[in-house]
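A.B. asks: next comes the sequence, and after it the predicted model I'd like to discuss.
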Amino acid sequence: MNQTPRFRTVLSCTILVVSLGAVATACGGPSGHPLSAKPFDAAEQVSFNTSKNTAKNTSKVDPDKPLEVVAKGDGGRITDVTVTDDSGHFLAGELAADGSRWRSTAPLSAGAKYTVKVSTEDEDGSPGSRTMKFETAPAKRLLTVKFGPQAGKYGVGQPITAELSMPVKAKEARVVVERALKISSQPAVEGGWHWVDDKKLHFRPKEYWPAGATVNATSNLQGVKVSNKLYGGASKGLKISIGDRIEAITDAAAHSMTVKRNGEVINTIPVTTGKPGFSTRNGIKVVLGKEYFVRMRGTSIGIAEGSADSYDLPVYYATRVTWSGEYVHAAPWSVGSQGSANVSHGCTGMSTGNAAWFFQTVREGDVVSVINSAGADMDPFGNGFGDWNVSWDKWRKGSAIVAQTGDVTNPADVARLRPQV
């Protein structure tokens, strides 16, 4: 059954009025003091007027308008207003010093049910009360979030991604979105979000995830007003686990790959990397996937068919590290050059036996680095997960919240970005 989304953010426009009349009568209690009397029902003195705040073609209240409670008449005043939604969340508001008016200071939610409890007193100090209920209209535009990767087990370098259903460009709106996206890990780590573009954010820790960690991503956007007429909708959370810390470091100048597990070397493999004109990219990459068999063609990277560099090869044990087609894979045709020369078109090639071992050892999210290559640096975001090539200070500057404060070293902000278990 479809459920109307809940919303918790709003901007002030016109006014939803609850009119409260002054109390004409009151009776003292046994002690004779007005405050000892049982609060009278102020039904005749209170009216709930939604006509100025009714969404078009519906009897439900427009959530874009603030709530006001107004005391009318001579001598009566409001002493307290409590507004809660059907989940028990309180709506913040401000009561005028003279008790003449109460106005919400936090947004109404869309598609929500509210209960308003008003306490009053008349000119003699006798207490009155009135409870009213209303509903807000559902939102017409919803912003949802799709977290990535899929649930499962990953390596220590795996970023968490958040793909938005529509672009968010305004700085203030980005802050709202970012505050609603929560990452928690066990053990806890320091980390932060970085806006890749108007629709995508990445989250990574300051350092790699701890081996064996459990990571949860959730969205609290449901019920949040992001911008004019745009509210957050319900989004599915994500849970992943982290495996051992597997790192493969390829020294292109030494033609060798060193593989570590939890800091200890477990294999050293002779390799070949990209030859001049096709040099392998330097930098930290993250395993994107594994394919037992791939048909690799030079035309896929812009090499003309029939040219001297043209190729069309069946490739086995292919571990992908960029979307443009850089792999670690079996290259039995270049075994004579592995360990001594770079002859590939950009991939890291090794013997079939070594490639099978590597294929079976690594998983998505594991770290593959290349050093001492003549190639360009790995793109941080455009060709896979190059997130770890961005310094921590620069990474944090990609946060809308940090950009708003302008302080990447604010201890309070660092604490806020630290996921809590």
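C.D. replies: Sure, I can see it. Numbering: from 1, shown residues only.

A.B. asks: name the nearest residue to residue 141, ignoring sequence neighbours.
C.D. replies: residue 230 (4.8 Å; CB to CB, 6 or more residues apart in numbering). Every C-beta, even on glycine, is put in place using the N, C-alpha and C of the backbone.

A.B. asks: residues in contact with the one you found?
C.D. replies: Applying CB atoms under 8 Å, 6 or more residues apart in numbering, we find residue 230 in contact with 139, 141, 142, 143, 166, 173.

A.B. asks: which residues does it bridge with?
C.D. replies: For residue 230, the beta-bridge partners are residue 141, residue 227 (DSSP bridges).

A.B. asks: show the pLDDT at it.
C.D. replies: Residue 230 is assigned 90 on the pLDDT scale.

A.B. asks: where's it relative to residue 177, distance?
C.D. replies: 10 Å (CB to CB, to the nearest Å).

A.B. asks: about what we covered before: could the contacts of residue 230 be laid out in TSV, adding distance to residue 238, pLDDT and neighbour count?
C.D. replies: Listed next are the contacts of residue 230 as TSV, based on distance: CB to CB, whole Å; pLDDT from 0 to 100; neighbours: other CB atoms under 10 Å:
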residue	distance to residue 238	pLDDT	neighbour count
139	24	85	24
141	24	90	13
142	19	93	20
143	17	96	26
166	20	97	12
173	23	96	18
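
A.B. asks: now the residues you listed as JSON lines including distance to residue 59?
C.D. replies: As requested, these are exported to JSON lines (distance: CB to CB, whole Å):
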{"residue": "139", "distance to residue 59": "17"}
{"residue": "141", "distance to residue 59": "21"}
{"residue": "142", "distance to residue 59": "22"}
{"residue": "143", "distance to residue 59": "26"}
{"residue": "166", "distance to residue 59": "29"}
{"residue": "173", "distance to residue 59": "30"}
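
A.B. asks: between these, which is nearest residue 288?
C.D. replies: residue 166 (25.9 Å; CB to CB).

A.B. asks: residue contacts, the residue nearest to residue 246 when sequence neighbours are not counted?
C.D. replies: Leaving aside its sequence neighbours, residue 246 sits nearest to residue 366 (CB to CB, 6+ apart; 4.2 Å). Shown in contact with residue 366 (CB under 8 Å, 6+ apart): 155, 156, 157, 243, 246, 247, 248, 286, 287.

A.B. asks: what does residue 272 give?
C.D. replies: Counted by CB under 8 Å, 6+ apart, residue 272 has contacts 255, 331, 334, 337-339, 341-344, 348-350.

A.B. asks: mind checking the SS state of residue 65?
C.D. replies: coil (DSSP: H, G, I helix; E, B strand; the rest coil).

A.B. asks: the residue nearest the centre of the chain and residue 200, how far apart?
C.D. replies: For the chain, the residue nearest the mean C-alpha position is residue 181 (3.4 Å; CA atoms, centre = their mean). Distance of residue 181 to residue 200, given as CB to CB: 12 Å.

A.B. asks: what is in contact with these two at once?
C.D. replies: With CB under 8 Å, 6+ apart as the test, residue 181 and residue 200 both reach residue 162.

A.B. asks: could you tell me which of the contacts of residue 366 are located in strands?
C.D. replies: Judged by DSSP state E, the subset of the contacts of residue 366 located in strands is 246, 247, 248, 286.

A.B. asks: so what's the residue count around the second one?
C.D. replies: Using other CB atoms under 10 Å as the criterion, residue 247 is surrounded by 22 other residues.

A.B. asks: now swap in the first one and tell me
C.D. replies: Using other CB under 10 Å as the criterion, residue 246 is surrounded by 23 other residues.

A.B. asks: which ones are touching it?
C.D. replies: 155, 156, 259, 260, 261, 361, 362, 363, 366, 367.

A.B. asks: from residue 365, how far off is the closest residue to the last one other than its chain neighbours?
C.D. replies: Read it as residue 367. Once flanking residues are discounted, residue 367 sits nearest to residue 157: 4.2 Å by CB to CB, 6+ apart. From residue 157 across to residue 365, the span is 6 Å (CB to CB).

A.B. asks: shared neighbours, those two?
C.D. replies: 286, 287.

A.B. asks: where in the stretch 1-150 of the chain is pLDDT low?
C.D. replies: The model of the stretch 1-150 of the chain has pLDDT under 70 over residues 1-37, 41-58, 73-75.

A.B. asks: let's see it at 50
C.D. replies: Low-confidence segments of the stretch 1-150 of the chain (pLDDT under 50): 1-15, 21-30, 46, 49-57.

A.B. asks: okay, helices next: where are they in it?
C.D. replies: Here the stretch 1-150 of the chain has no helices by DSSP state H, counting those that start in this stretch.

A.B. asks: show me where it has strands.
C.D. replies: 16-21, 40-41, 46-49, 67-72, 77-85, 93-95, 101-104, 113-121, 127-135, 141-143, 145-148 (DSSP state E, counting those that start in this stretch).

A.B. asks: just checking, residue 156 touches residue 365?
C.D. replies: Yes. The pair residue 156 and residue 365 passes the contact test of CB atoms under 8 Å, sitting 6.9 Å apart.

A.B. asks: which neighbours do those two share?
C.D. replies: 242, 243.

A.B. asks: nearest to residue 266, of the strands of the stretch 1-150 of the chain?
C.D. replies: Closest of the strands of the stretch 1-150 of the chain to residue 266 is strand 145-148, at 28.9 Å (criterion: CB to CB).

A.B. asks: three-state assignment of residue 168?
C.D. replies: Taking three-state DSSP, the label given to residue 168 is coil.

A.B. asks: typo on my end, residue 184
C.D. replies: strand.

A.B. asks: quick check: pLDDT value at it.
C.D. replies: 97.

A.B. asks: beta partners of it?
C.D. replies: In beta-bridge terms (that is, DSSP bridges), residue 184 pairs with residue 216.

A.B. asks: I'd assumed residue 203 was in contact with it.
C.D. replies: No. Checked against CB under 8 Å, the pair residue 184 and residue 203 is beyond contact range at 11.0 Å.

A.B. asks: cheers, nothing more for now.
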